[in-house]
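Mind looking at a prediction? Sequence and model below.
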Amino acid sequence: MNGPHDMGGMHGFGPIDPEPESQEPVFHADWERRAFALTLASAAIGGWTLDASRFARERIDPADYLAMSYYEKWLEGMRTLLVEHGVVSAAELAAGRPTEKANPDRILRGDAVDAAMARGGPTEMAIDAAPVFKVGDRVRARVMNPEGHTRNPRYVRGHVGTVVLHHGGHVYADANAVGERRAEHLYTVSFAARDLWGERAGAADTVRVDLWQPYLEPA
């Protein structure tokens, strides 16, 4: 498909203009490195999921969200989850110091980080229900505007594509974001780039998106 300059952004923000991958550093400043480490360590203590972390960032006030850099959003989402999970209080965050000694059950120590990162967070999950769709089926991404977290991209909603892979049961991100761990069938759906981006996209180009079954309906 065409590059990000041709895709454009949403809500009138103009084209996406990323740094070249060959030139982009992993962190642009030392505080970003610390923000990343704090987010991992806090999640180990609080026990929340990756989907919950994403949802916490999505709940930032829109005006603040637009003014924040990438890792500022990470820090704000972490602050939200620390309070919601009872790891610290809002008063402790405001004061910058604990009011009582914490004794967390889980701690991510420095010498365990490499193994934890290599292990990742597997999402495959057993599921008893039979899949509704199969490879080759034409499906439409549902038009949905949920109040909570979703991984159904807005740019595919309402568009028709073809199922090209069925991955079996995987942890459903929308439910996992609010602490409900359940499986849904996951598919890779291929969309014609021109259906999504218009005539400026290449006629032979496609976009493949992994979509859970609740996001899809027969076309």
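Cool, got the structure.

need the helices for the chain, in chain order.
4-7, 30-46, 50-58, 62-67, 70-84, 90-95, 113-119, 173-176, 193-197 (DSSP state H).

Switch the ones you listed over to TSV; also include mean pLDDT, mean neighbour count and distance to residue 21.
No exception for glycine: its C-beta is placed from N, CA and C like everyone else's. TSV is the format used below for the helices of the chain (pLDDT from 0 to 100; neighbours: other Cβ atoms under 10 Å; distance: least, Cβ to Cβ, whole Å):
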stretch	mean pLDDT	mean neighbour count	distance to residue 21
helix 4-7	40	14	12
helix 30-46	91	16	17
helix 50-58	95	20	22
helix 62-67	92	10	25
helix 70-84	95	18	15
helix 90-95	90	11	35
helix 113-119	77	10	20
helix 173-176	97	20	26
helix 193-197	94	18	21
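
Can you convert the ones you listed into JSON lines and add a column each for distance to residue 182?
Converted to JSON lines, those look like this (distance: least, Cβ to Cβ, whole Å):
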{"stretch": "helix 4-7", "distance to residue 182": "33"}
{"stretch": "helix 30-46", "distance to residue 182": "20"}
{"stretch": "helix 50-58", "distance to residue 182": "12"}
{"stretch": "helix 62-67", "distance to residue 182": "28"}
{"stretch": "helix 70-84", "distance to residue 182": "21"}
{"stretch": "helix 90-95", "distance to residue 182": "31"}
{"stretch": "helix 113-119", "distance to residue 182": "22"}
{"stretch": "helix 173-176", "distance to residue 182": "5"}
{"stretch": "helix 193-197", "distance to residue 182": "29"}
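
Can you give me the pLDDT of the residue nearest to residue 33 when sequence neighbours are not counted?
In this structure, residue 33 finds its nearest non-sequential neighbour in residue 27, 4.5 Å apart by Cβ to Cβ, 6 or more residues apart in numbering. At residue 27, the predicted lDDT confidence score is 93.

hang on, the earlier thing: which one of the helices of the chain lies nearest to residue 159?
Nearest of these to residue 159, taken as Cβ to Cβ: helix 193-197 at 5.4 Å.

Please name every helix or strand in contact with that closest one.
Contacts defined by 3 or more Cβ pairs under 8 Å, 6 or more residues apart in numbering; DSSP states H and E place helix 193-197 against strand 206-212.

List the buried residues of the strand it packs on.
206, 207, 209, 211, 212 (16 or more other Cβ atoms under 10 Å).
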